[in-house]
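>>> Pasted the sequence and its predicted model underneath.
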Amino acid sequence: MLLSKDRIGGMLLLIFCVTYGFLSQNIILLPIQAKAAFTARTMPEVLMVLGIGLSLLVIIFPGSQERPQLAGFKWGTAALFLVLMSAYGLTIRPFGFLLSTSVFLMAGFAMLGERSAVKLLLVSVPLVLGFWVLMTQGLDVFIEPLPWFLKG
């Protein structure tokens, strides 16, 4: 079996879907949900089955036979993005959603080459505010907006 880019992607997707399905079984159900047709586990299980099926199709019937090439990628930028995402995960609780997500987006856009501070602010802040309003007001999901030291 030739390891093409498609097959490697299919195998990675298969590993992700199997892990996702395994971890979805840790979702705790209430006793009254035991015999319900639709529970908190239903969508993760459906997504797992669809993902496994599609990844197997990609592994069995790859679209191209092109070999993966590792040269020419910006590995340093990718590593910096991993550090940035880790820092975001660690700062979202203490600094709140609005501040940490805005800084995360501005830093990410800057890493991708945007140098205009005005553009960084005019894209990041309204996007974060809009998403926060949608989640809290539209979907009634509580997201801590501000850091603990700014709350009255």
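Done, it's in.
>>> Tell me where the protein has helices.
5-24, 42-60, 75-95, 97-111, 117-133 (DSSP state H).
>>> most packed of those?
Of all these, helix 97-111 has the most neighbours on average by mean count of other C-beta atoms under 10 Å, namely a mean of 18. Heads up, the C-betas are built off the backbone N, CA and C, glycines and all.
>>> returning to what we had before: to residue 66, which of the helices of the chain lies closest?
Of all the helices of the chain, helix 5-24 sits nearest to residue 66, with 5.5 Å by C-beta to C-beta.
>>> which intervals of this structure have sub-threshold pLDDT?
1, 148-152 (pLDDT under 70).
>>> Next one: the closest residue to residue 56 other than its chain neighbours from residue 46, what distance?
Spatial nearest neighbour of residue 56, excluding adjacent residues (C-beta to C-beta, 6 or more residues apart in numbering): residue 14 at 6.8 Å. According to C-beta to C-beta, to the nearest Å, residue 14 and residue 46 sit 16 Å apart.
>>> coming back round to it: how about JSON lines for the helices of the chain, with distance to residue 32 added?
JSON lines is the format used below for the helices of the chain (distance: least, C-beta to C-beta, whole Å):
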{"stretch": "helix 5-24", "distance to residue 32": "20"}
{"stretch": "helix 42-60", "distance to residue 32": "15"}
{"stretch": "helix 75-95", "distance to residue 32": "32"}
{"stretch": "helix 97-111", "distance to residue 32": "32"}
{"stretch": "helix 117-133", "distance to residue 32": "33"}
